[in-house]
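>>> Okay, sequence plus prediction incoming.
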Amino acid sequence: MMTLKEKKAALVALGLSLTDFNDEYWTDQIELATAHNRWFNKENIIFALEGVRDYMLDSFKLDQWLAAYDLNEKVGGKKIGLILAGNLPLVGFHDILSCFVSDHIAHIKLSEKDSVLIKASLAKLISIEPKAQPYFEFVERLNNMDGVIATGSNNSARYFETYFAKQPHIIRKHRNSIGVLHKDDHMETILKMGKDIFIHFGLGCRNVSKLLIPRNFPLEMVMEGLHEYNFVNLHDKYKNNFDYNIAVYMLNKVKYLNNGSVMLCEDASLTSRIATLNYEIYEDEVDLETKILPFTDQIQCVVSSKPLPFVQTVLPGFAQTPELWDYADNVDTIHFLNQI
């Protein structure tokens, strides 16, 4: 088995391999991934790989993350079942990484949507450090696991809760993220928040699916700023959803604003359709709090240019680049793994 120092060295080396995406290995894997899942275009895959490199495999960040735990004296070796999501490229990498540094064996049930990049990343890691190979096993079924981490829809989560009831588990359900605009926010904030809305075509739980907008804030400025991302409509699957949702809104006589890249619709729901963005007007900070706090168990992150006293926030432009310690659903994965 490997020491924590050896694991860290291998992970940092993996990060260094993600500096040249014209390298034959990564070029081939990116092409395979785009062919396998057409929502995974080259730009979004590279964005995800860069996120893994800069936020998960950086030497300083790894040290900062691991310093909070007593892993050197930890005896691992347990079988941890991982049921990974596949809505975004490499979205399950953090769970695999957490098992690895905790010295457990990851039994990985891949999503069919993201079966290329996870395998490619671990194959590269093993080529760098062959001693890492026993830590990863790809499986079709999870049998006799010592613990389980499963991510899925609300429906699948109910099934997971029942199926893995007798085993230690983390079950993640569907969540959404919201963006908060303030009265003195300018175009720069909207442009940055556009990245949180449109990266990965809005398919991730950390993508902003709803805006909270102060009374009398100019909606035309929001639409003008988000129009800078109209290149998303060049993607045929996004464009098909865009056109379909226009038809649905027209048939149902729903009021909406359209700038060619997204439709803005006044709706209190956290969840919005692909190519649409919900918004709700708030009066003041007290009203803002009432529109956020009751739904914190359904919110992955809140994007805001200013800190809010009642909830943790992320700066605009950084929703899809979480730090190692920004755990999904605020559940500390390493702490969970250390208790098994």
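It's in. Numbers count the residues shown, from 1 in each chain.
>>> List the buried residues of the longest helix along the chain.
Criterion DSSP state H: the longest helix present in the chain is helix 236-251. Going by neighbour count (16 or more other CB atoms under 10 Å), the buried part of helix 236-251 is Tyr238, Asn241, Phe242, Asn245, Tyr249. Bear in mind the C-beta positions are built from the backbone N, C-alpha and C, glycine included.
>>> what's downstream of it, the next helix or strand?
Following helix 236-251 in sequence order, the next helix or strand is strand 257-258 (DSSP states H and E).
>>> Just checking the distance from the helix or strand containing Thr290 to the centre of its chain.
The secondary structure element spanning Thr290 is helix 285-292 (assigned by DSSP H and E). Distance of helix 285-292 from the chain centroid (CA atoms, centre = their mean, to the nearest Å) equals 25 Å.
>>> same question for it, mean pLDDT?
Helix 285-292 carries an average pLDDT of 98.
>>> Which secondary structure elements does that helix sit against?
Secondary-structure packing of helix 285-292 (3 or more CB pairs under 8 Å, 6 or more residues apart in numbering; DSSP states H and E): strand 176-180, strand 208-214, strand 276-282.
>>> Paired strands for the first one, with orientation please.
Right, the one you point to is strand 176-180. Paired neighbours of strand 176-180 in the sheet (DSSP bridges): strand 208-214 (parallel), strand 299-304 (parallel).
>>> how about TSV for those, with mean neighbour count added?
Conversion of the strands paired with strand 176-180 to TSV gives the following (neighbours: other CB atoms under 10 Å):
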stretch	mean neighbour count
strand 208-214	23
strand 299-304	23
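>>> I'd like to know which of the ones you listed lies nearest to Lys61.
Of all these, it is strand 299-304 that lies closest to Lys61, at 18.4 Å by CB to CB.
>>> Give me the angle between the closest one and helix 285-292.
150 degrees (axes from the mean of the first three to the mean of the last three CA atoms, to 10 degrees).
>>> Please export the C-alpha coordinates of strand 299-304 as PDB.
Taking Å, rounded to 0.1, in the frame of the first residue of the first chain, the C-alpha atoms of strand 299-304 are listed here in PDB:
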ATOM      1  CA  ILE A 299     -29.500  24.800  -2.400                       C
ATOM      2  CA  GLN A 300     -25.900  23.800  -3.300                       C
ATOM      3  CA  CYS A 301     -24.400  27.200  -3.200                       C
ATOM      4  CA  VAL A 302     -25.400  30.900  -3.200                       C
ATOM      5  CA  VAL A 303     -23.500  33.200  -5.600                       C
ATOM      6  CA  SER A 304     -23.200  36.800  -4.500                       C
END
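>>> Next SSE downstream of that strand?
strand 313-314.
>>> Please work out the average pLDDT along the helix or strand following that following strand.
Following strand 313-314 in sequence order, the next helix or strand is helix 333-338 (DSSP H and E). Mean pLDDT, helix 333-338: 96.
>>> Strands of the stretch 101-250 of the chain, residue ranges please.
Listed in chain order, the strands found in the stretch 101-250 of the chain under DSSP state E, counting those that start in this stretch are 105-109, 136-138, 147-151, 169-172, 176-180, 208-214.
>>> among these, which is nearest Asp332?
The nearest among the strands of the stretch 101-250 of the chain, by CB to CB, is strand 169-172 at 9.6 Å.
>>> What residues of that closest one count as buried?
His169, Ile170, Ile171, Arg172.
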